[in-house]
Each structure stands twice: as C-alpha cells, then as structure tokens.
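In: I would like to see how this sequence folds:
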Amino acid sequence: MRKTTRLKHLIESPDLLVMPGAFDPLSARIIEQAGFHAVQCSGYGISVSRLGLPDYSFLSMSDMVAATRVIVDAVDLPVMADGDTGFGNAVNAWYAVRAFERIGCAGVNIEDQVMPKRCGHLDGKTIVPIDEAVAKIRACAQARTDSDFVINARTDALAIGGIDEVVRRGNAYLAAGATMIFVEGMTDKALAEQAVKRIDGPVAINVVEGGKSPEHFTFAEMQAIGIARVSLPGTLVFAAIAGMRDVLESVKSNGYAGGPGTRQTSFNEVRKLAGFDEVFALEKQLLADLRASSTEHA
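Out: Numbering: from 1, shown residues only. Just a heads-up that it's a prediction; the model follows:
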C-alpha cells in the first residue's frame, strides 16, 4: 500500500492518529521505533534545530523540502510535511505540493496565515482572506498527482474569528479539495467538540506543551470527541533541549564525561539507530574481494 493511502486510511480510521513531530532523521527513527504509525514534520522544530531561529518563515520552500527529504528517507512510515503558508500565493503552494510529493511525502500541512507566519500558539497572528486561502487549497489539490496525497488544511482562525470562522473556513477548504482540517491553537475541549460536529470532514488539532493547548487533554478524550489526528510538534525538540542541558550540567558537576546524572543512550544503541550494522554488512558483501586483493599484494 502506498504511504499516501496508508496515511489517508489512518486519518479516516475511527482510532485517533497520534503523530509526534520530527525535526530531523534521528527523531523520526525514534518515533518509528516507539511504535507510532506516522510522522509529522515539525516546521517549528526544524526551524529551531536547523537555523536556531523561530518559526517565522525563515525557511524557504527549498530549505523545507531538503530538511523533509532526509526525514522521509530515514523511515518506512508515512510522513506529513509542513508546508507553512505554501511559501507564497496559490502558485507557490502548487509548486510546494509537487515538490513534497516528489520526495515521497504522504501529505502536507498548508495554512491560512499571512506570510511571514508565526508559531500557531503565539499571539499576533494574521490570516489571509478566505477567498485567497480557498484558492491556495484548490491549487494544492490540483497539484497532487496521487489523489490520496493528504492536504491537511490548517486554519489559524480560532484566535482571530472564533469557532464560527473556523467552521466556515474548514468547510470551504474541504469543498476546495482538502483531506482534513487542522484547527491550530485549540484552547478548549468544548471548542474541539464543536469543530468536530460542525466541520464536514476529518478534524485535526495539535498539542503544544506550554502553549495554548488545554492541559491534560487525553488521547482517549480526543478519540471520544471524534478528532481524527493530533500532532505533537514540540514534544521531541523540547525533550532534546532539556536532556542536553541536564547532561551538560551533570558533566560539569562530575568533572568527567558520564557518571551520576548523565542519563544517556549507549554508544551501541546509537550505532544501531544510525544504521552502522547495515553499513558493516555491506562492507563485507561489497568490499571483501578488494580487501582480499589488497592483502595478496601487500
């Protein structure tokens, strides 16, 4: 089954699809090893880790495609790209979908913020007029060559126009060809339930720890409401930052690498995660004759 079809089926399934956010190939592999069924590329995480800059449209389409390609290549799971605002108008969005589809993504997020966009859990967001957003979603749907390629139409309208504007835009985006409506910055469980009831297609949200997300909104509650998919865009990058800080403090305190407080993955675990064993197997297979010949002539 194609990865696009797998992702679409996961979204349409009655079970909630939980998609942790990857910011590089290593985090994507960890998501896969943990038993999750799909990967969400985190534009927030990619911007922070790749540039050391906030999620503010500093990454171009080419930058994001390059960062996403290595994530797609690292795992066997369906990967949803983060297409931000489509990197411009409807024409730019058309080319963005073609680019992400070409590198093997199973879908893409496209949002209705004004460019430069900002993290959806920050204040001060601005959205484009609905006609412009609809034209962009229509262009994305037209651009895909695989009808199962997921167009995850994100709206940031909740913070600006409330739930009624979310519903109006969500249904308009579905009519324009979107597969799913991603309501960004969901602040309340009751509002999430309204979105699911009033939007005529699958509804997605995200959870950002410390952001605008309701606290203790469990996956069981989301599934009971009928939410199709939840992404966790910051979870792994937040954990990575905390882990690196903790281990460096322990190294300073101990006066040597390792020791008390330095909770680390083992060298052998990283070797396996990075695929060294496969490289060594290929060495034996492909370089054995060359090594034998080199020994004979020594």
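
In: quick one: pLDDT of residue 262?
Out: Residue 262 carries a pLDDT score of 83 in this model.

In: so it makes contact with residue 252?
Out: No. Contact criterion CB atoms under 8 Å: residue 262 and residue 252 do not qualify, at 10.6 Å. The way it works is simple: take the backbone N, C-alpha and C, and place the C-beta from them, glycine included.

In: the protein: strands as residue ranges?
Out: 17-22, 39-41, 79-82, 107-111, 150-155, 180-183, 203-206, 229-232 (DSSP state E).

In: for residue 90, find the nearest of the ones you listed.
Out: Closest to residue 90 of the strands of the chain is strand 107-111 (CB to CB; 10.2 Å).

In: helices or strands up against that closest one?
Out: Packing contacts for strand 107-111, counted by 3 or more CB pairs under 8 Å, 6 or more residues apart in numbering; DSSP states H and E, involve helix 3-12, strand 79-82, helix 90-102, helix 130-143, strand 150-155.

In: ok, that strand: who's next to it in the sheet?
Out: Its sheet considered, strand 107-111 pairs with strand 79-82 (parallel), strand 150-155 (parallel) by DSSP bridges.

In: can I get the ones you listed in JSON lines including distance to residue 92 and mean neighbour count?
Out: Listed next are the strands paired with strand 107-111 as JSON lines, based on distance: least, CB to CB, whole Å; neighbours: other CB atoms under 10 Å:
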{"stretch": "strand 79-82", "distance to residue 92": "14", "mean neighbour count": "29"}
{"stretch": "strand 150-155", "distance to residue 92": "15", "mean neighbour count": "28"}
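
In: now these as TSV including mean pLDDT and distance to residue 177?
Out: Below are the strands paired with strand 107-111 laid out as TSV (pLDDT from 0 to 100; distance: least, CB to CB, whole Å):
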stretch	mean pLDDT	distance to residue 177
strand 79-82	98	17
strand 150-155	98	6
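
In: how about those strands in a markdown table, adding distance to residue 28?
Out: Shown next, in a markdown table, are those (distance: least, CB to CB, whole Å):
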| stretch | distance to residue 28 |
| --- | --- |
| strand 79-82 | 7 |
| strand 150-155 | 17 |
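
In: out of the ones you listed, which comes closest to residue 244?
Out: Checking these against residue 244 by CB to CB gives strand 79-82 as the closest, at 23.2 Å.

In: and the closest one, how far out from the chain middle?
Out: 5 Å (CA atoms, centre = their mean, to the nearest Å).

In: how about CSV for the strands of the chain, with distance to residue 164 added?
Out: Below are the strands of the chain laid out as CSV (distance: least, CB to CB, whole Å):
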stretch, distance to residue 164
strand 17-22, 27
strand 39-41, 27
strand 79-82, 27
strand 107-111, 19
strand 150-155, 12
strand 180-183, 13
strand 203-206, 15
strand 229-232, 23
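
In: would you check that residue 85 makes contact with residue 111?
Out: Yes. With contact defined as CB under 8 Å, residue 85 counts as touching residue 111 (5.6 Å).

In: where do the contact lists of those two overlap?
Out: Here residue 85 and residue 111 share the contacting residues residue 117, scored by CB atoms under 8 Å, 6 or more residues apart in numbering.

In: quick one: the helices in the stretch 101-250 of the chain, in order.
Out: Remark: helices assigned in the stretch 101-250 of the chain by DSSP state H, counting those that start in this stretch are 130-143, 158-175, 189-198, 219-225, 235-254.

In: looking at the ones you listed, which is nearest to residue 115?
Out: That would be, of the helices of the stretch 101-250 of the chain and by CB to CB, helix 130-143, which comes in at 11.0 Å.

In: got the angle between the closest one and strand 107-111?
Out: Calculated by axes from the mean of the first three to the mean of the last three CA atoms, to 10 degrees, helix 130-143 forms an angle of 160 degrees with strand 107-111.

In: now helix 130-143: buried residues?
Out: By neighbour count with 16 or more other CB atoms under 10 Å, helix 130-143 contains the buried residues 130, 133, 134, 135, 136, 137, 138, 139, 140, 141, 143.
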